[in-house]
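Enquirer: Sequence first, then the predicted structure:
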Amino acid sequence: MNDRPSLRERKKAKTRAAIRKATYRLAAEHGWDATTTDRIVAAAEVSPSTVVRYFPVREDILLTDENDELLEARLRARPAGEEPLESLRAVLLEAVRTSLDEEPDETLLRARLMVEIPAVRARLGETTAETGRRLARALADRTGRSPDDLEVRVFTAAVLGALREATVHWAEHGRTDDLVALLDRTIDILKGGPALPAHP
């Protein structure tokens, strides 16, 4: 069986990458408000219809990529007896670690824009929901439940929401701390909540 992407799929991925690269460069140089679709079209050397076809909402260029399918596959590949929270910890933290290693400037810029631009922050919630639906399907299969099961939906949404909030906290506080360590700590918080103060 040949798992190699077809020529058409490779061309689509290359086009998406070109649009994303041009957008990040423009946003870094001119700010998000000045990073118009017309400028993106010119910088990426594609047509306006191509940009809209791949990214119906401009903010999606910053927030969506091909990682959701990979995340789902990696979650399905985790050991069968592993606790769901630990499975999500492993795949999500590895994705963030890879992003920081391979695209450090883009990751930092995306975090800054999440804080500074309300439209980016609002759209993040919608794209996170789509990621959650994919991961919920994988968790449902691993636990013998339905993807629409209340516990599966609430659990997945809670984990992703917590990691999103931790990322915003990181961005608001200068983006200098170790983000992966902060997200790891966030997973621990989900296990037991904030520690109570010690009584004298």
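Expert: Ah, there it is.
Enquirer: ranges for the helices of the protein?
Expert: With DSSP state H as the definition, the chain shows helices at residue ranges 7-30, 37-44, 48-54, 60-63, 67-76, 84-102, 104-116, 118-143, 150-172, 179-192.
Enquirer: what angle separates the longest one from helix 104-116?
Expert: Yep, that's helix 118-143 we're talking about. Between the axes of helix 118-143 and helix 104-116, defined by axes from the mean of the first three to the mean of the last three C-alpha atoms, to 10 degrees, the angle is 110 degrees.
Enquirer: what's the answer for the fifth one, then?
Expert: Between the axis of helix 67-76 and that of helix 104-116 there is an angle of 100 degrees, by the same axes, to 10 degrees.
Enquirer: Just name the most buried of the helices of the chain.
Expert: helix 60-63 (a mean of 21; mean count of other C-beta atoms under 10 Å). C-beta coordinates here come from the backbone N, C-alpha and C atoms, glycine included.
Enquirer: average pLDDT for that helix?
Expert: On average, the pLDDT along helix 60-63 is 89.
Enquirer: and what of stretch 7-18?
Expert: pLDDT averaged over stretch 7-18 gives 85.
Enquirer: Equivalent analysis for stretch 116-132, please.
Expert: The pLDDT scores in stretch 116-132 average 87.
Enquirer: list the contacts for Ile19?
Expert: Residues near Ile19 by C-beta atoms under 8 Å, 6 or more residues apart in numbering: 40, 44, 46, 50-51, 54-55, 61.
Enquirer: and this structure, what are its domains?
Expert: The record's domain parsing of the chain by automatic domain parsing lists 7-56, 61-192.
Enquirer: end-to-end on the last one?
Expert: Yep, that's domain 61-192 we're talking about. Chord length of domain 61-192, first to last residue, is 36 Å (C-alpha to C-alpha, to the nearest Å).
Enquirer: gap between that domain and the chain center?
Expert: The chain centre lies 6 Å from the centre of domain 61-192; the measure is C-alpha atoms, centre = their mean, to the nearest Å.
Enquirer: now do stretch 7-17
Expert: 20 Å.
Enquirer: Leu26 versus Leu182, what's the distance?
Expert: 29 Å (C-beta to C-beta, to the nearest Å).
Enquirer: Let's see the pLDDT reported for Thr143.
Expert: Per-residue confidence (pLDDT) for Thr143: 87.
Enquirer: Now it. Nearest residue, chain neighbours left out?
Expert: Leaving aside its chain neighbours, Thr143 sits nearest to Pro84 (6.7 Å; criterion: C-beta to C-beta, 6 or more residues apart in numbering).
Enquirer: got the contact list for the one you found?
Expert: Contacts of Pro84 (C-beta under 8 Å, 6+ apart): 139, 142-143, 155.
Enquirer: can you name the two of the residues you listed that are farthest apart?
Expert: The largest separation in the contacts of Pro84, counting by C-beta to C-beta, is between Arg142 and Phe155 at 11.9 Å.
Enquirer: ok, the residue lying closest to Leu108 once chain neighbours are set aside to Asp148 distance?
Expert: Nearest residue to Leu108, sequence neighbours excluded (C-beta to C-beta, 6+ apart): Arg175, at 5.6 Å. Arg175 is 37 Å from Asp148, where distance means C-beta to C-beta.
Enquirer: Before I go, just wanted to say thanks for your time.
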